[in-house]
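Colleague: What would the 3D arrangement of this be:
(2 chains)
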Amino acid sequence: MNRKRIALVGTPNAGKTALFNSLTHSHQRVANYSGVTVESAEADFFLPSGDLATLIDLPGAYSLRPYTEDEGVLTRALQTDQYDGMILVVDATQPERAIRFLIEVLDSTEMPAVIALNMIDLADERGFEFDLVQFSALMGVPVIPCVATKKRGIRELGGALEVSLKNQKRTKDIFLGEKSQDLSGREISLQILAFYKKADELLKHILLRKGFPDYRSQKIDRIILHPFWGMMILLTVLGITFQLMFNLAKYPMDAIDGSFKWLQGLVSHSPLPELLRSFLADGVLAGMGGTLVFLPQILILFGLILFLEDFGFMSRAVFLLDHLMGKVGLHGRAFLPLLSSYACNVPGIMATRTIESKRDRIITTLIIPLTTCSARIPVYTLLISAFVPNTAVFLGIKLQGLVMLGLYVAGILFSVLMGGVFKRFLLKGKRPPLLIELPSYKLPSVSSLMKGLVYRTRLFLRRVGTVILVLSVLIWVLLTFPRAPEGKIHGIDQSYAGRFGHFIEPAIKPIGFDWRIGMALIPTFAAREVMVSTLATVYSIEEGGEVSNTEKLSTVIQKEWGLATGLSLLVWFIFAPMCISTLATARRELQSSGYMLLMLGYLFAFAYVGSFLTYRLVNLLVR
Amino acid sequence: MRMILNSESSHKLGELNPGEKGEIIGFCIDDDYQSFLHRLCEVGFIVGESVEVLQDAPIGHDPISIRVKDAVYALRREDANLIRVVKANS
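Modeller: Predicted structure coming up:
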């Protein structure tokens, strides 16, 4: 049976995602549009008749004149006839904007459509009154009032949609005539004004009573945007976010780590052949477990980001920080991408799509790898516990924690520095304007948040089950083969990976790395965090024993390496230039290999020079 | 840069302080800002519309939050200066 494809189209902050979540029950998938993968989703849902249809969540837009890349996706999607129908989501508390958007979209396509007049409860509360019969008569499509977060009106919406879908084409009520291409700036202005006039005219028939302004949000803004309290709240929110990421995440992380250790133990003592045991324990389980432990941290960070975004706080953070960020060449909108980057640089780079100007997008993308993504945490943890004494500095603050904080600060300082450099030398010119809506505050719905987190989890698990799994197996193969001939034992340095390590040793010797570290750096190209499990494998195979837990590994490397090497590696990971996913995402998003190479080049140069200086300096001081 | 409309009592929107209201009377036409002006227009900044500066940001008093129609937007003062207003009395 042919499954209908329905596009979900709407203005920003109209509750499109909430509606998506209440309409669909099945799991979300990443959707693709004409060449670009947009961080957006599609999922199946049942029409009232029981037929299955697919809902595609298209990015929100104020109009069909795209201003950001995100908005361009919507315009292109409507031009190609790849959908059987659409649901138009608009905010009932913003009637002018709603009508303008509706007539523009309805003018542009003959696709069957229904209108979801969302947040009707808030509109009621504020005194808005609509003539729904007139509304749908004038638009030529059904108008269904609904409250997406409370699942009100959802069934009616499905019903109306199904009826509309019976006709393959909608009789297009042309509101403004066909749009001609290649208009001059002035003609576009006039066209917008014409839209405006037409919308206002229609609105007179639709809106019976105008509501009050949103006094509640204005009151909340008086606190959240307050010169002193606003900044305090922002700092507190960031502080809590990172506290939770480290302290609360610790428990589930220990549990995940523990269960993998238990499984590894089980496999190691099973009667399976030795090679298979090693494959399962050192290859599959070590690799997957090493990555899976980050899930709690990623979920905590994204959970908070989703919450703050739904609440309406994120655009306020942009408001508070724009001036400060402008000083280092960044756009206020870079705040959200940069914050996401602390979980993982890849979604961070994808989030730069909401930045209007190409110039600001490029600068932000280029410095994103300098933010401390969670994959670096286990490497930092291992190296700090091995090389930094945990003495109390003052008031019970320990040196180890301070060094960890210092590494984060170093990342921030370097991104500020590089932002300034890029702004100065690479992308000169006027700073592009800022225009960002401060939407009404809304209480986020728990089920919507949960769905968002489930989606994140599925994306992450898929990565662990595919990329990470394959790599872990590959690394195990490289470390294990060629096998020693019968009756002989030879060390890991005879393995393919070991030979490679020896091969690159001359290049990394000046920064204090030996062939084992060189070998362990190979898999970090795929995933930075694999460094730890590779080192564990290297030393456990070499020592012929179990070096599986971090504590033991840190004692081994403390013995084997020296302080200078340890700190040099720590500095290397501040820049960590070798994450392939990050580079590939940057290339795809900026559509430029040049900028990707620039990113790779400057990160490598910084990492190498930084490690070199650290190694030499520590050697000088310690001796 | 060219003014569509000028008037003795006109102000740049970016010069208004929090709490001040005005009515839009014109825009500065600047080729570098064409698509930005269109976007301003689309979100509700058109001639005849009344606007109110609600707040300014703590650092450098910039950007400012502006209410127009039923929505609130943040604009930097330099960008808001493209919009000309006459101050309203209240």
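
Colleague: In this structure A:Phe612 contacts A:Phe513, no?
Modeller: No - the pair A:Phe612 and A:Phe513 fails to qualify as a contact (CB atoms under 8 Å) at a distance of 10.5 Å. C-beta coordinates here come from the backbone N, C-alpha and C atoms, glycine included.

Colleague: Which of these two has more residues huddled nearby?
Modeller: The neighbour comparison of A:Phe612 against A:Phe513 (other CB atoms under 10 Å in any protein chain shown) goes to A:Phe513, with 24 against 16.

Colleague: was I right about that one contacting A:Leu569?
Modeller: Yes - A:Phe513 is within contact range of A:Leu569, at 6.9 Å (criterion: CB under 8 Å).

Colleague: any common contacting residues for these two?
Modeller: Applying CB atoms under 8 Å, 6 or more residues apart in numbering or on different chains, one finds that A:Phe513 and A:Leu569 are jointly contacted by A:Ser611.

Colleague: what residues are shared contacts of A:Phe612 and A:Phe513?
Modeller: With contacts defined as CB under 8 Å, 6+ apart, the residues adjacent to both A:Phe612 and A:Phe513 are A:Ser568.

Colleague: Number of residues surrounding A:Leu275?
Modeller: Other residues lying near A:Leu275 total 11 when counted by other CB under 10 Å.

Colleague: cool, A:Arg170 as well?
Modeller: The local packing of A:Arg170 (other CB under 10 Å) involves 17 other residues.

Colleague: quick one, phi psi at it?
Modeller: A:Arg170 adopts backbone torsions of phi -100, psi 140, taken as degrees, to the nearest 10.

Colleague: quick one, what contacts it?
Modeller: When the contact criterion is CB under 8 Å, 6+ apart, the partners of A:Arg170 are A:106, A:110-113, A:140-141, A:164.

Colleague: and what of A:Glu309?
Modeller: The contact partners of A:Glu309, by CB under 8 Å, 6+ apart, come to A:Leu336.

Colleague: In CSV, list the C-alpha atoms belonging to the helix or strand hosting it.
Modeller: Using DSSP states H and E, A:Glu309 maps to helix A:295-311. In CSV, the C-alpha atoms belonging to helix A:295-311 read as follows (Å, rounded to 0.1, in the frame of the first residue of the first chain):
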residue,chain,number,x,y,z
LEU,A,295,25.4,8.2,27.0
PRO,A,296,24.4,9.6,30.5
GLN,A,297,26.4,12.8,30.0
ILE,A,298,25.1,13.3,26.5
LEU,A,299,21.5,12.8,27.7
ILE,A,300,21.9,15.2,30.6
LEU,A,301,23.3,17.9,28.4
PHE,A,302,20.8,17.5,25.7
GLY,A,303,17.9,17.1,28.2
LEU,A,304,18.8,20.5,29.7
ILE,A,305,19.3,22.1,26.3
LEU,A,306,15.9,20.8,25.1
PHE,A,307,14.2,22.0,28.3
LEU,A,308,15.8,25.4,28.1
GLU,A,309,14.9,25.8,24.5
ASP,A,310,11.3,24.7,24.9
PHE,A,311,11.0,27.0,27.9
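
Colleague: got the buried residues for it?
Modeller: Neighbour-count burial for helix A:295-311, counted by 16 or more other CB atoms under 10 Å in any protein chain shown, picks out A:295-310.

Colleague: Specify which member of those residues is nearest to A:Pro227.
Modeller: Comparing the buried residues of helix A:295-311 against A:Pro227 with CB to CB places A:Leu308 closest, at 20.6 Å.

Colleague: All the strands of the stretch 101-250 of chain A, in order from the start?
Modeller: Applying DSSP state E, counting those that start in this stretch to the stretch 101-250 of chain A gives strands spanning A:113-118, A:129-130, A:143-146, A:207-209.

Colleague: Is there contact, residue-wise, from the longest helix along chain B to chain A?
Modeller: Longest helix in chain B by number of residues (criterion: DSSP state H): helix B:34-43. Yes - applying CB under 8 Å from any CB of the partner chain, one finds helix B:34-43 touching chain A at B:34-43.

Colleague: Please identify the nearest residue in space to the residue nearest the centre of chain A, excluding sequence neighbours.
Modeller: Centre of chain A computed as the mean C-alpha position; nearest residue by CA atoms, centre = their mean is A:Pro347, 2.5 Å away. Distances taken as CB to CB, 6 or more residues apart in numbering or on different chains place A:Ser340 nearest to A:Pro347, at 5.0 Å, with adjacent residues excluded.

Colleague: count of neighbours near that neighbour?
Modeller: Should you count by other CB under 10 Å, A:Ser340 turns out to have 23 residues around it.

Colleague: thinking it is in contact with A:Leu304, fair?
Modeller: No - in terms of CB under 8 Å, A:Ser340 does not count as a neighbour of A:Leu304; the distance is 10.7 Å.

Colleague: thinking again about what came up before, out of the contacts of A:Arg170, who's the most crowded?
Modeller: Neighbours here mean other CB under 10 Å. Within the contacts of A:Arg170, the largest count is held by A:Ala113, at 25 neighbours.

Colleague: Can you tell me the closest non-neighbouring residue to A:Leu583?
Modeller: A:Met596 (5.5 Å).

Colleague: List the residues that contact that neighbour.
Modeller: In this structure, A:Met596 makes contact with A:583, A:586-587, A:590, judged by CB under 8 Å, 6+ apart.

Colleague: quick one: pLDDT of A:Gly140?
Modeller: Predicted confidence (pLDDT) for A:Gly140: 89.

Colleague: Pull up the gap between it and chain B, please.
Modeller: 23 Å (CB to the nearest CB, to the nearest Å).

Colleague: roughly how far apart are that residue and A:Val114?
Modeller: With distances defined as CB to CB, to the nearest Å, the gap from A:Gly140 to A:Val114 amounts to 11 Å.

Colleague: And A:Ile397, by the same measure?
Modeller: Distance, A:Ile397 to A:Val114, by CB to CB: 59 Å.

Colleague: With adjacent residues omitted, what lies nearest to A:Leu308?
Modeller: Distance criterion CB to CB, 6+ apart; nearest residue to A:Leu308, sequence neighbours excluded, is A:Met314 at 5.5 Å.

Colleague: Next, the contact list for the one you found, please.
Modeller: Shown here is A:Met314, whose contacts under the criterion CB under 8 Å, 6+ apart are A:305, A:308, A:335-336.
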